[in-house]
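Chemist: coordinates for the following, if possible.
(2 chains)
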Amino acid sequence: MRAIWTGSLGFGLVNIPIKIFSAVQDSALDLDMLDSKDHANIKFKRVNEKTGKEVPWENIVKGYYMDNKYVVLEKADFEKAGPEKTKHIEIKHFVDESEIDSMYFEQPYYLQPEKTGARAYALLRDAFRKTGKAGVALFVMRDREHLCIIKAKDDVLVLNRIRFDEEIRSTKDLDLPSVKSKPDEVKMAVALINQLSGPFDIKKYRDDYTERLMKIIKAKSKGKTVPFTPMKVVHSKTKDLAEQLRASLSDKRKAS
Amino acid sequence: MPVKEKSDIKVGKFSVTISNRKKIYWPDEGFTKGDMIDYYDKIADLVLPHLKGRPLSLKRNPNGITDKGFYHKDAGENAPSFVDVFKVKAESNNKIIDYIVCNNKATLLYVANLGCIELNPWNSTIKKPDNPTWMVIDIDPSDKNTFTEVVDTALATKMILDKAGIKSYCKTSGSSGLHVYTPLKNKYDYEAVRNFANIIAALVQEQLPGTTTLERSLSKRGPKIYIDYLQNSKGQTLASVYSLRPVPGASVSTPLEWKEVDHKLSPKQFTMRNIFARIKKKGDLFLPVLNESNSITDALKRLKV
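Modeler: Sure, this is the predicted structure:
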């Protein structure tokens, strides 16, 4: 694992030198685009829309279309708008993690202390664990300032980037029902929910698409073909119904 | 010879009084009530086996197809002596309903004279009222669907039923849809048949999620074809095979060979006028629905649900 950010984490008078690692990985396979004729890799070129000629990187600028023309931004303009470059994450205050709606959550990262910060890291982690709280902070990565929370998960401190409020869309354009549900129906639905409720176990759910694809790749590399089996979609509702029907049919057989 | 407004038709030892023969029932085509009576008179031998022993829900359109008409179940009380009656206690109010059971041609003409353009027999007979003779899937399009989509839904239904090892028969509804029947010979009760139909309908809907729905509520259904499995309930009825429908064109609910169920099929191509030539050629394609049988238990195994 390679650290993607090095700096320090602080709250109050404590300052912990840390490294940041990405906590997630893509489970999808990395597939390359090829020419079907000779399997040569497909390459992208940046071309001038008018001339069709390739444009070298150093000649490419970014612009914003406004009042019928482009306003071109220079590196200096971005720097002026950008946050003060800082390698420090300061926890401003602490909240209950459950207060933060899951809609706000973005990328999670692991924090690892440098040798000199080990004791303070352990202290902060244990305090988080004891209180169940999370720290709210701002940090700068790749020239942008991000909002994040820092919390303990088992032995590690996790930094979870969260969205700013203006990134969440309003629901005013959605057509949402305003009818009041009938109490009896609500009661039934609640009973059903309770019946199907259980602890959340992420290990029960697997994305096995990649696994199946990898099986096909391996078989193909050995020259074998995998028989095509269409996806069998049987809703669990249908399954339940079939189960019920089968039971009632066998009951009747016994009875008669 | 001028057509008389009122006349009697002799059926064996019975006599059925026919009234208002000249009343226009299909204004676009100019077909009269008399034309309708004559149709049922002529088709009687073919349709009666499909009505025999089955309580009828009367859908009466005494003013022809432009009128909405009304439902009339409790029609047996004042009926002539040749009409058989089956008493059913209504679950809602404990009232006894005298259903007409159409066991003979005289009864057929009697209900036709009441303005029953459409014939709505139960799926079960009075011998085993709780066990339907068949399972039916009613493929009922919204006015936004093309008939091609209806045909594709019927074919998907056949595909699923084939996979289940179950033989099925298709007919036009006589209006805009198709009906798929599976003979079951009264082996299962309504609940089992309805649950099985629900499974089949759900599997079909999974095949065609873009055009079909199992949503019963008309307002929530949207521009989709309703795969109706709920008709498999006691007292629920669909227009019988060879029944006319109170719709323009005087179309007939007509049995089809599966090979005819393709994109060239039109829902109203068989009418009161041209059906007899077809019957002469094909015979009663729906007779097996009354006689054959299928196993739901085996079907569930084959479907692996």
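Chemist: is the host helix or strand of residue A:184 anywhere near chain B?
Modeler: Using DSSP states H and E, residue A:184 sits in helix A:183-195. No. Helix A:183-195 lies out of reach of chain B by C-beta under 8 Å from any C-beta of the partner chain, never closer than 13.9 Å. C-beta coordinates here come from the backbone N, C-alpha and C atoms, glycine included.
Chemist: average pLDDT for that helix?
Modeler: If you average the pLDDT over helix A:183-195, you get 88.
Chemist: confidence score at residue A:77?
Modeler: 88.
Chemist: ok, now the one 4 residues further on?
Modeler: In this model, residue A:81 is scored at 85, pLDDT.
Chemist: neighbours around it, how many?
Modeler: The burial count assigned to residue A:81 is 9, neighbours taken as other C-beta atoms under 10 Å in any protein chain shown.
Chemist: and it, what are its phi and psi?
Modeler: phi -80, psi -30 (degrees, to the nearest 10).
Chemist: around the closest residue to residue B:248 other than its chain neighbours, how many other residues sit close by?
Modeler: Counting by C-beta to C-beta, 6 or more residues apart in numbering or on different chains, residue B:28 is the residue found nearest to residue B:248 once chain neighbours are left out, at 5.2 Å. By other C-beta under 10 Å, the residues close to residue B:28 number 11.
Chemist: and for residue A:20?
Modeler: 19.
Chemist: ok so, going back, quick one: secondary structure of the residue nearest to residue B:248?
Modeler: Counting by DSSP: H, G, I helix; E, B strand; the rest coil, the backbone at residue B:28 sits in coil.
Chemist: would you mind listing what in the stretch 101-250 of chain B touches chain A?
Modeler: Going by C-beta under 8 Å from any C-beta, the residues of the stretch 101-250 of chain B near chain A are B:188-189, B:191-192, B:195-196, B:198-199, B:202-203, B:206.
Chemist: one more time with 7 Å
Modeler: When proximity is defined as C-beta under 7 Å from any C-beta of the partner chain, the stretch 101-250 of chain B approaches chain A at B:192, B:195-196, B:198-199, B:202-203, B:206.
Chemist: residue B:40 versus residue B:153, what's the distance?
Modeler: Using C-beta to C-beta, to the nearest Å, residue B:153 is found at 30 Å from residue B:40.
Chemist: let me fix that: residue B:90
Modeler: Using C-beta to C-beta, residue B:90 is found at 28 Å from residue B:40.
Chemist: which of these two has more residues huddled nearby?
Modeler: Taking neighbours as other C-beta under 10 Å, residue B:90 and residue B:40 compare with residue B:40 leading, 23 against 12.
Chemist: can I get the helix or strand hosting residue A:135 in CSV, CA atoms only?
Modeler: Element membership for residue A:135 (DSSP H and E) is strand A:133-141. Provided in CSV are the C-alpha atoms of strand A:133-141 (Å, rounded to 0.1, in the frame of the first residue of the first chain):
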residue,chain,number,x,y,z
LYS,A,133,-17.9,10.1,18.7
ALA,A,134,-16.3,11.2,15.5
GLY,A,135,-14.2,14.3,14.8
VAL,A,136,-15.2,16.8,12.1
ALA,A,137,-12.3,18.4,10.2
LEU,A,138,-11.3,20.0,6.9
PHE,A,139,-8.3,18.8,5.0
VAL,A,140,-6.6,19.8,1.7
MET,A,141,-5.9,17.1,-0.9
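Chemist: report the buried residues of whatever helix or strand comes next after it.
Modeler: Once the chain leaves strand A:133-141, the next helix or strand it forms, by DSSP H and E, is strand A:144-153. In terms of neighbour count (16 or more other C-beta atoms under 10 Å in any protein chain shown), strand A:144-153 has its buried residues at A:146-152.
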